[in-house]
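Trainee: following is a predicted model, sequence given first.
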Amino acid sequence: MTLLESLKKYTTVVADTGDIEAIARHRPQDATTNPSLLFHAAQMPAYRHLVDEAGQLALKRGGSPAEMAAEFIDRLFVLFGCEILKVVPGRVSTEVAAALSFDTPATIEKARKLISLYEKQGVARERILIKIASTWEGIRAAELLEKERIHCNLTLLFSFAQAVGCAEAGVTLISPFVGRIYDWYKKEQGGAEILPDQDPGVASVTRIYNYYKKYGYKTQVMGASFRNVNQIVRLAGADLLTISPDLLDQLEKTEGVVDRRLDPAKAQASKEERLHLDEKTFRWMHNEDAMATEKLAEGIRKFNSDAKHLEDYARSQVTQKVA
């Protein structure tokens, strides 16, 4: 048995890539995408037809170059998502632009549009997760969207306050960033490697998982942003884990058995007190976590930078077709 086969006994495996061939090869349940992954996938000859179709749909919409570029991106996300859903039995996560991270109404509007585009392609909303940054504003948007049966994946999650806020809002899924948490603490310690049993990213996800299971929250925990296989196997039993193709390859090529680390029954022993967070308490609690404050801000900037690369690409595609 391989580590990947063993892991799948306890945890839903999600492919973190826009490369449909890689997704088909590893046979995950779900898949996630983001502007950076989509930008790289769009350069591959195998997906040129999707790029061309998105360009034609953007031209058909018309408007200014900026409006057509935005339409191109929305269409490209949905076209890739539809292709991915042909090879995974579950769901695909489609991201709302990081530039909307502090704008609740605009996030809601974009999520509704993406769902509408999917439904016009014949894809049920139950198969889509709208990916939103877990700011206070993003959480509020997700809370309303969930009431419309638009299911949400709250990303860039680093603090316990964010996790509690998401659970209280009734979001479908959260994506705590294991690797980025690890990176921050490693840098704080002068670059020295942290022992696997002291990994702060793994500890963060374990704490959140135990809290959710102890108090009966329906929100699922999907560990994300892994740096090595060890982090993955130490979170066996998490509801979901989203894993890059490189690490999926390592898991698939390594013989062995993964022991379950996270378990709802064991979570009952958690000593964590139940919290209820209003906006002021949420913001203060998050602010008190230096790592989470820095990584959330940095993550939004990076996601926005990635989106700008995709936007520049979109403008070039639309401009070529106009010419």
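Mentor: Received, thanks. Numbering: from 1, shown residues only.

Trainee: mind listing what the nearest residue to residue 252 once chain neighbours are set aside touches?
Mentor: Nearest non-adjacent residue to residue 252, counting by Cβ to Cβ, 6 or more residues apart in numbering: residue 4, 4.6 Å away. From N, CA and C alone the C-beta is placed, and that goes for glycine too. Residues in contact with residue 4 (Cβ atoms under 8 Å, 6 or more residues apart in numbering) are 13, 26, 248, 251-252.

Trainee: and residue 71, by the same measure?
Mentor: Residue 71 touches 57-58, 61, 63, counting by Cβ under 8 Å, 6+ apart.

Trainee: using the three-state scheme, assign it.
Mentor: What DSSP: H, G, I helix; E, B strand; the rest coil gives for residue 71 is helix.

Trainee: roughly how far does it sit from residue 124?
Mentor: According to Cβ to Cβ, to the nearest Å, residue 71 and residue 124 sit 23 Å apart.

Trainee: residue 61 too?
Mentor: According to Cβ to Cβ, residue 61 and residue 124 sit 24 Å apart.

Trainee: ok, the two, which is more surrounded?
Mentor: residue 61 (14 against 11; other Cβ atoms under 10 Å).

Trainee: one step back: now, of the contacts of residue 71, which are buried?
Mentor: Neighbour-count burial (16 or more other Cβ atoms under 10 Å) is assigned, among the contacts of residue 71, to 57-58.

Trainee: among the contacts of residue 71, which ones are in helices?
Mentor: The helices, defined by DSSP state H, take in 57-58, 61 from these.

Trainee: export the residues you listed as JSON lines, with columns for pLDDT.
Mentor: Shown next, in JSON lines, are these (pLDDT from 0 to 100):
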{"residue": "57", "pLDDT": "91"}
{"residue": "58", "pLDDT": "90"}
{"residue": "61", "pLDDT": "85"}
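
Trainee: and of these, the nearest to residue 114?
Mentor: Nearest to residue 114 among these is residue 57, at 13.8 Å by Cβ to Cβ.

Trainee: longest helix in this structure, by number of residues?
Mentor: Max-length helix for the chain by DSSP H is helix 290-322.

Trainee: now do it: which elements does it pack against?
Mentor: With contacts taken as 3 or more Cβ pairs under 8 Å, 6 or more residues apart in numbering; DSSP states H and E, helix 290-322 sits against helix 35-42, helix 48-61, helix 65-85, strand 128-133, strand 152-157, helix 160-169, helix 178-188, helix 279-287.

Trainee: avg pLDDT for it?
Mentor: Mean per-residue pLDDT for helix 290-322: 89.

Trainee: what angle sits between the lowest-mean-pLDDT helix or strand in the chain and helix 290-322?
Mentor: Ranked by mean pLDDT, DSSP states H and E, the weakest helix or strand in the chain is helix 35-42, scoring a mean of 84. Inter-element angle recorded for helix 35-42 and helix 290-322: 40 degrees (by axes from the mean of the first three to the mean of the last three Cα atoms, to 10 degrees).

Trainee: buried set for helix 35-42?
Mentor: 35-39, 41-42.

Trainee: and it, what does it pack onto?
Mentor: Helix 35-42 packs on helix 65-85, helix 290-322, going by 3+ Cβ pairs under 8 Å, 6+ apart.

Trainee: which one of the ones you listed is the most hemmed in?
Mentor: When you average the neighbours per residue for each of those (mean count of other Cβ atoms under 10 Å), helix 65-85 leads with a mean of 21.

Trainee: that helix: what's the following helix or strand?
Mentor: Per DSSP states H and E, the first helix or strand lying C-terminal to helix 65-85 is strand 92-95.

Trainee: avg pLDDT for that following strand?
Mentor: Strand 92-95 comes out with an average pLDDT of 94.

Trainee: who does it pair up with?
Mentor: Here strand 92-95 has these sheet partners by DSSP bridges: strand 30-32 (parallel), strand 128-133 (parallel).

Trainee: pull the CA atoms of stretch 193-204 into PDB?
Mentor: Extracted C-alpha coordinates of stretch 193-204, given in PDB (Å, rounded to 0.1, in the frame of the first residue of the first chain):
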ATOM      1  CA  GLU A 193      14.300  23.600  10.800                       C
ATOM      2  CA  ILE A 194      11.500  22.900  13.300                       C
ATOM      3  CA  LEU A 195      11.100  19.300  14.600                       C
ATOM      4  CA  PRO A 196       8.100  17.500  13.000                       C
ATOM      5  CA  ASP A 197       6.400  16.900  16.400                       C
ATOM      6  CA  GLN A 198       6.700  20.700  17.100                       C
ATOM      7  CA  ASP A 199       5.400  21.900  13.700                       C
ATOM      8  CA  PRO A 200       3.300  25.000  14.500                       C
ATOM      9  CA  GLY A 201       1.300  24.700  11.200                       C
ATOM     10  CA  VAL A 202       0.300  21.100  12.100                       C
ATOM     11  CA  ALA A 203      -0.500  22.200  15.700                       C
ATOM     12  CA  SER A 204      -2.800  25.000  14.400                       C
END
